[in-house]
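Colleague: From the sequence below, what's the structure:
(2 chains)
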Amino acid sequence: MNSFREVLRSDKFLVTVTLSPPKGIRVESFLRTLESLSGKVDAVNLPDGRAATIHMGPLASSLLARERGLEPVFTLSCRDRNRLALSADLLGAYAMGIRSVLCVSGDYFTFGDTVDGKPVYDLDSVQAIQMIRQMEQGRDIGGNDLDGVPDFCVGCVANPQAVPLEPHLMKLEKKLRAGAEFIQTLDVYEPDRATAFFENLRTRDVKVLAGVRFVTDREVRLGEAGKFPGNPIPDSWTKEIEGIREEGEILKRAKARVVEMLRRFRDSGLCDGVHLTVDGHEGLIPEMLQEAGVR
Amino acid sequence: MIVARRKPFKEIMDSLEGYERILTVGCGTCTAVCLAGGEKEVGLLSSQLAIASQLRGKRFKLGEATVERQCDKEFLQELRHKVEDYQVLLSLACGVGIQFLAEMYPQKVVLPGVDTAFIGSNDDVGLWTERCRMCNQCCLALTGGVCPVTMCPKGLLNGPCSGTREGMCEVDPSKPCAWRLIYERLETTNRLGRMKEIFPPRRHLLTTTPAHMVHKAYQRRYRAHE
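Modeller: Predicted structure coming up:
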């Protein structure tokens, strides 16, 4: 049985976290983060060239997470691999014990620090999900037989704040038809603008985790430089930390925002959990979850 | 039409190092329309080369010629006598024309004077936009006449990526998201049902390079098989 699928089927308010894998070969700090989250969250996402930057790949980082007792969500970006490479990595990951996968198109190269690379996008996320489900039927994307079949819990991404929303909902519908079991949304900063999205999914047989971001001056700077994919950080958030020099104060405010968002999503009944991104300050996650009363 | 951009002068000069007899060859079709390699641009580049050579204490032997199309042997043959006096043919045609010129005159050094950028529309004076990636499997019937392969930087076939911001593209926020345009076009023409269909993966075999095509009526002539 797929353990993350079991967790998704439970009634608990789910918490997953996107991690920043090492930029280099030193894993000590990453391992400390993993250990601090062990038993505190339901799964951790191991990104795949997040924001189009180079870091340790999702297979190695997923295995490290699994070794530390965490449920890894192996992220698979269509940006960097064609159908052969995607399939090869999926088979390898499953053989190594990875059971959950998140299919994404992938942030475009211009967000990253290696802008001249070749974008692949051989498949899109809908087609990647279809490909996985076909592998589970014993056939690869070319229709050739597989020796043993995987059983992945497959997730996808959506943007609740997208405008206009309708084309995004139509694509999401395709992802669900293709076989996505859970949705981890992009970071939501203005929940009032996202209500229609969540309402639309209320009666659907899919688990929805709302994206919540820990925003410090680092994220604001990335946004100003055009290097922050996803929804823009609202002015009200950036203004709150503008001009504050003391790091402790910035962190305090960022923490308060996250706690407020966690509470809001938990109390709203609009979603089944949250998907947190707390770059560089993951150690604060357990206390934020506790303070918000979600753990 | 094919859209190209004149290469920076320094790059052209660097590529001409060691040569002194240079024929600049323009193209009267696409690169003339996009103001990169027509008769006027040939004249301009030739004048620049003359000034630069004098400043360096040299005296290039420079010639100018512009043919109707460099991608057509018939027009390239017009140059057969003229090329004899030159070491270098500096072509201002698109990449097709440059290669064809080199093939036509293998004894000559053929150098590019432009960078070929895309095939696109002539939107207005001095303004061009890419519209087609030549994927050889046109899906415009299903996408309201807006090409997702070209107009979406990721070439996504099944809808917008999550990175769109207020309906604009995450890669270039000054441009509308292609899938927003597709949605609007299909809605206007009462064909939104088309957007619910899952597009299968693209057949990249159809874009294996170099592409080659024989018209049905000429298959016997070229001993080609369908």
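Colleague: contacts, neighbours, all on C-alpha from now
Modeller: Will do.
Colleague: Can you tell me which helices and strands the longest helix along chain B packs against?
Modeller: When chain B is scanned for its longest helix (criterion: DSSP state H), the result is helix B:39-55. Packing partners of helix B:39-55 (3 or more CA pairs under 8 Å, 6 or more residues apart in numbering or on different chains; DSSP states H and E): strand B:21-27, strand B:61-67.
Colleague: tell me how far it is from the chain's mean position?
Modeller: Relative to its chain's centre, helix B:39-55 lies at 23 Å (CA atoms, centre = their mean, to the nearest Å).
Colleague: returning to what we had before: most tightly surrounded among the helices and strands packed on helix B:39-55?
Modeller: Of all the helices and strands packed on helix B:39-55, strand B:21-27 carries the top mean neighbour count, a mean of 26, counting by mean count of other CA atoms under 10 Å in any protein chain shown.
Colleague: Can you tell me the strand partners of it and which way each runs?
Modeller: Strand B:21-27 sits in its sheet next to strand B:61-67 (parallel), strand B:88-91 (parallel), going by DSSP bridges.
Colleague: angle of the first one against helix B:39-55?
Modeller: To tie it back to what came earlier, the one meant is strand B:61-67. 170 degrees (axes from the mean of the first three to the mean of the last three CA atoms, to 10 degrees).
Colleague: Show me the contact partners of strand B:61-67.
Modeller: By CA atoms under 8 Å, 6 or more residues apart in numbering or on different chains, the residues outside strand B:61-67 that reach it are B:20-28, B:38-39, B:42-43, B:46, B:50, B:75-76, B:78-79, B:86.
Colleague: Turn the strands paired with strand B:21-27 into JSON lines, including mean pLDDT.
Modeller: Listed next are the strands paired with strand B:21-27 as JSON lines, based on pLDDT from 0 to 100:
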{"stretch": "strand B:61-67", "mean pLDDT": "98"}
{"stretch": "strand B:88-91", "mean pLDDT": "98"}
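Colleague: which one of these lies closest to A:I285?
Modeller: Closest to A:I285 of the strands paired with strand B:21-27, according to CA to CA: strand B:88-91, at 61.8 Å.
Colleague: Let me know the angle separating the very next helix or strand once past that closest one from strand B:21-27.
Modeller: Downstream of strand B:88-91, the first helix or strand assigned by DSSP states H and E is helix B:95-104. Helix B:95-104 runs at 130 degrees relative to strand B:21-27, counting by the same axes, to 10 degrees.
Colleague: Could you export helix B:95-104 as PDB, CA atoms only?
Modeller: Extracted C-alpha coordinates of helix B:95-104, given in PDB (Å, rounded to 0.1, in the frame of the first residue of the first chain):
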ATOM      1  CA  GLY B  95      20.700  30.700 -42.800                       C
ATOM      2  CA  VAL B  96      19.200  28.900 -45.700                       C
ATOM      3  CA  GLY B  97      20.500  31.400 -48.200                       C
ATOM      4  CA  ILE B  98      23.900  31.500 -46.600                       C
ATOM      5  CA  GLN B  99      24.200  27.700 -46.800                       C
ATOM      6  CA  PHE B 100      22.900  27.600 -50.300                       C
ATOM      7  CA  LEU B 101      25.400  30.200 -51.400                       C
ATOM      8  CA  ALA B 102      28.200  28.200 -49.800                       C
ATOM      9  CA  GLU B 103      27.000  25.100 -51.600                       C
ATOM     10  CA  MET B 104      26.800  26.900 -54.900                       C
END
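Colleague: for that helix, packing partners?
Modeller: Helix B:95-104 packs on helix B:73-76, strand B:88-91, strand B:109-112, going by 3+ CA pairs under 8 Å, 6+ apart.
Colleague: what does the stretch 101-250 of chain A put close to chain B?
Modeller: Counting by CA under 8 Å from any CA of the partner chain, the stretch 101-250 of chain A comes close to chain B at A:105, A:107-108, A:110-111, A:119, A:121-124, A:126-127, A:157-159, A:162-164, A:167-168, A:170-171, A:174, A:186, A:229-232.
Colleague: can we see that at 6 Å?
Modeller: Residues of the stretch 101-250 of chain A found near chain B (CA under 6 Å from any CA of the partner chain) are A:L123, A:D124, A:A158, A:N159, A:V163, A:K171, A:G230.
Colleague: can you tell me which two in those are farthest apart?
Modeller: Taking CA to CA, no two of those sit farther apart than A:L123 and A:V163, at 24.2 Å.
Colleague: for the stretch 51-200 of chain A, what spans make up the helices?
Modeller: Assigned by DSSP state H, counting those that start in this stretch, the helices in the stretch 51-200 of chain A fall at A:58-67, A:83-95, A:125-135, A:165-178, A:195-201.
Colleague: Of all the ones you listed, which one comes closest to B:M151?
Modeller: Of all these, helix A:165-178 comes closest under CA to CA, at 15.7 Å.
Colleague: mind listing what's buried in that closest one?
Modeller: A:L165, A:P167, A:H168, A:L169, A:M170, A:K171, A:L172, A:E173, A:K174, A:K175, A:L176, A:A178 (16 or more other CA atoms under 10 Å in any protein chain shown).
Colleague: Ok, stretch A:8-15 next?
Modeller: A:L8, A:F13, A:L14, A:V15.
Colleague: buried residues in stretch A:84-91?
Modeller: Neighbour-count burial for stretch A:84-91 [16+ other CA under 10 Å]: A:L86, A:S87, A:D89, A:L90, A:L91.
Colleague: Sort out which one of those lies nearest B:G126 for me.
Modeller: Closest approach to B:G126 among these (CA to CA): A:L86, at 42.0 Å.
Colleague: on that earlier part again, columns pLDDT on top of the residues of the stretch 101-250 of chain A next to chain B, output as CSV?
Modeller: Formatted as CSV, these follow (pLDDT from 0 to 100):
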residue, pLDDT
A:L123, 98
A:D124, 98
A:A158, 98
A:N159, 97
A:V163, 95
A:K171, 98
A:G230, 94
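Colleague: in the stretch 1-150 of chain A, what spans have low per-residue confidence?
Modeller: A:1 (pLDDT under 70).
Colleague: try it again with 80
Modeller: For the stretch 1-150 of chain A, residues meeting the criterion pLDDT under 80 lie at A:1-2.
Colleague: and what of chain B?
Modeller: Flagging of chain B using pLDDT under 80 yields the residue ranges B:224-226.
Colleague: Domains of it: list them as residue ranges, please.
Modeller: Annotated domains of chain B cover B:2-118, B:135-226 [automatic domain parsing].
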